[in-house]
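1. Compute the structure for the input listed below.
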Amino acid sequence: MSETYELNRKHMVESQIRNRGVKDKRVIDALLKIPRDLFVPEIDKIHSHHDGPLSIGYGQTISQPYIVAYMTELLELEGDERVLEIGTGSGYQTAILAEIVKQVFTIEVIKHLANSAEKLLINQLGYSNIHFKIDNGREGWTQYAPFDRIIITAASRAFPEALFFQLTENGIAVAPVGNFFQQLVQYKKKDGQIREKILIGVSFVPLI
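-> Next up, the predicted model:
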(Lines give C-alpha, C1' and ligand atoms only; values in the text may rest on other atoms or scores of the structure.)
Protein backbone atom coordinates (compact mmCIF):
# COMPACT_ATOMS: atom_id res chain seq x y z
CA MET A 1 0.00 0.00 0.00
CA SER A 2 2.89 2.38 0.75
CA GLU A 3 4.04 2.05 -2.88
CA THR A 4 0.55 2.98 -4.04
CA TYR A 5 0.53 6.04 -1.80
CA GLU A 6 3.93 7.08 -3.13
CA LEU A 7 2.73 6.79 -6.73
CA ASN A 8 -0.41 8.74 -5.84
CA ARG A 9 1.72 11.42 -4.19
CA LYS A 10 3.87 11.83 -7.28
CA HIS A 11 0.78 12.03 -9.48
CA MET A 12 -0.75 14.57 -7.08
CA VAL A 13 2.29 16.81 -7.33
CA GLU A 14 2.45 16.58 -11.11
CA SER A 15 -1.25 17.01 -11.85
CA GLN A 16 -2.43 19.26 -9.02
CA ILE A 17 0.67 21.28 -8.13
CA ARG A 18 3.04 21.69 -11.09
CA ASN A 19 0.24 21.88 -13.66
CA ARG A 20 -1.37 24.73 -11.74
CA GLY A 21 1.73 26.86 -11.75
CA VAL A 22 3.51 26.18 -8.46
CA LYS A 23 7.21 26.40 -9.34
CA ASP A 24 9.12 26.73 -6.05
CA LYS A 25 11.42 23.69 -5.93
CA ARG A 26 11.53 23.71 -2.12
CA VAL A 27 7.74 23.47 -1.97
CA ILE A 28 7.53 20.77 -4.63
CA ASP A 29 10.26 18.69 -3.00
CA ALA A 30 8.51 18.91 0.37
CA LEU A 31 5.19 17.75 -1.11
CA LEU A 32 6.94 14.87 -2.84
CA LYS A 33 8.59 13.79 0.40
CA ILE A 34 5.82 14.14 3.00
CA PRO A 35 3.44 11.12 3.12
CA ARG A 36 0.09 12.93 3.07
CA ASP A 37 -1.76 9.70 3.88
CA LEU A 38 -0.35 9.84 7.43
CA PHE A 39 -2.25 13.05 8.12
CA VAL A 40 -5.80 11.89 7.38
CA PRO A 41 -8.09 9.51 9.31
CA GLU A 42 -7.84 5.81 8.43
CA ILE A 43 -11.20 5.83 6.68
CA ASP A 44 -10.02 8.51 4.23
CA LYS A 45 -6.47 7.34 3.52
CA ILE A 46 -7.52 6.04 0.12
CA HIS A 47 -8.59 9.61 -0.71
CA SER A 48 -5.57 11.32 0.87
CA HIS A 49 -4.24 12.62 -2.47
CA HIS A 50 -7.66 13.74 -3.68
CA ASP A 51 -7.93 17.21 -5.20
CA GLY A 52 -9.84 18.72 -2.30
CA PRO A 53 -9.99 19.12 1.50
CA LEU A 54 -10.72 16.19 3.80
CA SER A 55 -12.26 16.07 7.26
CA ILE A 56 -9.91 15.43 10.18
CA GLY A 57 -12.66 15.60 12.80
CA TYR A 58 -13.78 18.30 15.24
CA GLY A 59 -15.20 20.32 12.34
CA GLN A 60 -11.71 20.81 10.89
CA THR A 61 -10.11 19.82 7.58
CA ILE A 62 -6.78 19.13 5.94
CA SER A 63 -6.55 21.62 3.09
CA GLN A 64 -6.56 20.77 -0.60
CA PRO A 65 -3.00 19.89 -1.71
CA TYR A 66 -2.87 22.76 -4.19
CA ILE A 67 -3.87 25.31 -1.55
CA VAL A 68 -1.16 24.00 0.80
CA ALA A 69 1.42 24.33 -1.97
CA TYR A 70 0.18 27.73 -3.15
CA MET A 71 0.09 29.27 0.33
CA THR A 72 3.55 27.91 1.09
CA GLU A 73 4.92 29.36 -2.14
CA LEU A 74 3.36 32.73 -1.30
CA LEU A 75 5.52 32.85 1.83
CA GLU A 76 8.55 33.18 -0.47
CA LEU A 77 10.70 31.00 1.75
CA GLU A 78 14.47 30.85 1.48
CA GLY A 79 15.15 28.32 4.24
CA ASP A 80 16.40 30.29 7.23
CA GLU A 81 13.04 31.64 8.40
CA ARG A 82 11.19 31.33 11.69
CA VAL A 83 7.55 30.72 10.82
CA LEU A 84 4.43 31.10 12.96
CA GLU A 85 1.57 28.83 11.90
CA ILE A 86 -1.93 29.42 13.25
CA GLY A 87 -3.97 26.24 13.00
CA THR A 88 -1.86 23.07 13.27
CA GLY A 89 -4.76 20.80 12.36
CA SER A 90 -3.46 17.39 11.32
CA GLY A 91 0.07 18.78 10.99
CA TYR A 92 0.44 18.39 7.22
CA GLN A 93 1.10 22.07 6.50
CA THR A 94 3.39 22.08 9.55
CA ALA A 95 5.45 19.26 8.07
CA ILE A 96 5.75 21.02 4.71
CA LEU A 97 7.04 24.13 6.48
CA ALA A 98 9.42 22.15 8.69
CA GLU A 99 11.00 20.59 5.60
CA ILE A 100 11.89 24.05 4.29
CA VAL A 101 12.52 26.49 7.13
CA LYS A 102 14.68 26.79 10.22
CA GLN A 103 11.92 26.72 12.85
CA VAL A 104 8.15 26.37 12.92
CA PHE A 105 6.02 27.65 15.82
CA THR A 106 2.55 26.16 15.47
CA ILE A 107 -0.59 26.88 17.50
CA GLU A 108 -3.75 24.77 17.65
CA VAL A 109 -6.79 25.47 19.81
CA ILE A 110 -8.20 21.91 19.71
CA LYS A 111 -6.21 19.85 22.20
CA HIS A 112 -6.75 16.44 20.60
CA LEU A 113 -5.62 17.65 17.17
CA ALA A 114 -2.58 19.39 18.67
CA ASN A 115 -1.51 16.31 20.59
CA SER A 116 -2.04 13.98 17.63
CA ALA A 117 -0.06 16.24 15.32
CA GLU A 118 2.79 16.55 17.80
CA LYS A 119 2.98 12.78 18.26
CA LEU A 120 3.07 12.21 14.50
CA LEU A 121 5.53 14.98 13.68
CA ILE A 122 7.94 14.42 16.55
CA ASN A 123 7.71 10.74 17.47
CA GLN A 124 6.95 9.21 14.10
CA LEU A 125 8.53 11.59 11.57
CA GLY A 126 11.33 12.84 13.80
CA TYR A 127 11.14 16.60 13.31
CA SER A 128 13.18 18.61 15.80
CA ASN A 129 12.47 22.14 14.53
CA ILE A 130 8.78 22.38 15.46
CA HIS A 131 7.42 24.06 18.61
CA PHE A 132 3.82 23.35 19.67
CA LYS A 133 1.30 25.36 21.64
CA ILE A 134 -2.35 24.68 22.51
CA ASP A 135 -4.10 28.04 22.51
CA ASN A 136 -6.21 30.51 20.56
CA GLY A 137 -3.89 31.68 17.81
CA ARG A 138 -5.34 35.15 17.35
CA GLU A 139 -2.85 36.60 19.81
CA GLY A 140 0.11 34.81 18.26
CA TRP A 141 3.07 33.68 20.35
CA THR A 142 4.73 36.71 21.91
CA GLN A 143 7.33 34.60 23.72
CA TYR A 144 9.04 33.77 20.42
CA ALA A 145 8.11 36.80 18.34
CA PRO A 146 8.96 38.33 15.98
CA PHE A 147 8.54 35.88 13.11
CA ASP A 148 9.81 36.14 9.55
CA ARG A 149 6.64 34.56 8.20
CA ILE A 150 3.10 33.95 9.45
CA ILE A 151 0.57 31.58 7.91
CA ILE A 152 -3.03 31.15 9.04
CA THR A 153 -4.92 28.04 7.95
CA ALA A 154 -8.43 29.11 8.99
CA ALA A 155 -10.48 32.12 7.98
CA SER A 156 -11.45 35.18 10.00
CA ARG A 157 -13.33 38.33 9.03
CA ALA A 158 -10.09 40.29 9.12
CA PHE A 159 -6.45 39.41 9.68
CA PRO A 160 -5.81 39.39 13.47
CA GLU A 161 -4.22 42.78 14.12
CA ALA A 162 -1.99 41.52 16.94
CA LEU A 163 -0.12 39.29 14.51
CA PHE A 164 1.12 42.20 12.40
CA PHE A 165 3.12 43.37 15.42
CA GLN A 166 4.76 39.93 15.60
CA LEU A 167 5.90 40.06 11.96
CA THR A 168 9.45 41.16 11.24
CA GLU A 169 10.30 44.04 8.94
CA ASN A 170 10.18 42.68 5.38
CA GLY A 171 8.18 39.75 6.71
CA ILE A 172 5.33 38.05 4.87
CA ALA A 173 2.00 36.73 6.12
CA VAL A 174 -0.57 34.66 4.22
CA ALA A 175 -4.14 34.05 5.33
CA PRO A 176 -7.70 33.45 4.13
CA VAL A 177 -9.88 36.43 5.01
CA GLY A 178 -13.66 36.74 4.98
CA ASN A 179 -16.80 35.08 6.28
CA PHE A 180 -19.05 33.53 3.65
CA PHE A 181 -16.94 34.93 0.81
CA GLN A 182 -13.26 34.37 1.52
CA GLN A 183 -10.15 35.50 -0.29
CA LEU A 184 -6.55 34.46 0.13
CA VAL A 185 -4.42 37.49 1.00
CA GLN A 186 -0.66 37.98 1.07
CA TYR A 187 0.65 40.69 3.42
CA LYS A 188 4.12 42.22 3.27
CA LYS A 189 5.57 44.45 5.98
CA LYS A 190 7.85 47.22 4.74
CA ASP A 191 8.90 50.37 6.59
CA GLY A 192 6.54 49.38 9.36
CA GLN A 193 3.55 49.43 6.99
CA ILE A 194 1.44 46.49 5.85
CA ARG A 195 0.77 46.11 2.16
CA GLU A 196 -1.80 43.55 1.09
CA LYS A 197 -2.31 41.64 -2.13
CA ILE A 198 -5.68 39.98 -2.65
CA LEU A 199 -5.40 36.73 -4.58
CA ILE A 200 -7.85 33.88 -5.18
CA GLY A 201 -11.20 32.95 -3.68
CA VAL A 202 -10.98 30.16 -1.12
CA SER A 203 -13.11 28.24 1.39
CA PHE A 204 -11.63 27.56 4.84
CA VAL A 205 -13.11 26.55 8.18
CA PRO A 206 -13.51 29.51 10.58
CA LEU A 207 -10.68 30.57 12.85
CA ILE A 208 -11.82 29.72 16.38
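2. got the buried residues for the helix or strand bottoming out on mean pLDDT in the chain?
-> Among the helical and strand segments of the chain, the one scoring lowest on mean pLDDT, DSSP states H and E is helix 2-12, with a mean of 90. The neighbour-count check on helix 2-12 (16 or more other C-beta atoms under 10 Å) flags Tyr5, Asn8, Arg9, Met12 as buried. From N, CA and C alone the C-beta is placed, and that goes for glycine too.
3. helices and strands around it, which ones?
-> Helix 2-12 sits against helix 25-33, with contacts defined as 3 or more C-beta pairs under 8 Å, 6 or more residues apart in numbering; DSSP states H and E.
4. Downstream of the helix it packs on, the next helix or strand is which one?
-> strand 54-57 (DSSP states H and E).
5. any chance you could map the helices in this structure?
-> Assigned by DSSP state H, the chain shows helices spanning 2-12, 25-33, 65-74, 92-100, 111-118, 161-164.
6. what about the residue most central in space within the chain, distance to Lys190?
-> Geometric centre of the chain, nearest residue: Gln93, 3.6 Å, by C-alpha atoms, centre = their mean. Distance, Gln93 to Lys190, by C-beta to C-beta, to the nearest Å: 25 Å.
7. so Lys151 touches Ala175, yeah?
-> Small correction: residue 151 is Ile, not Lys. Yes - counting by C-beta atoms under 8 Å, Ala175 is a contact partner of Ile151 at 7.1 Å.
8. Sweet, I'm off.
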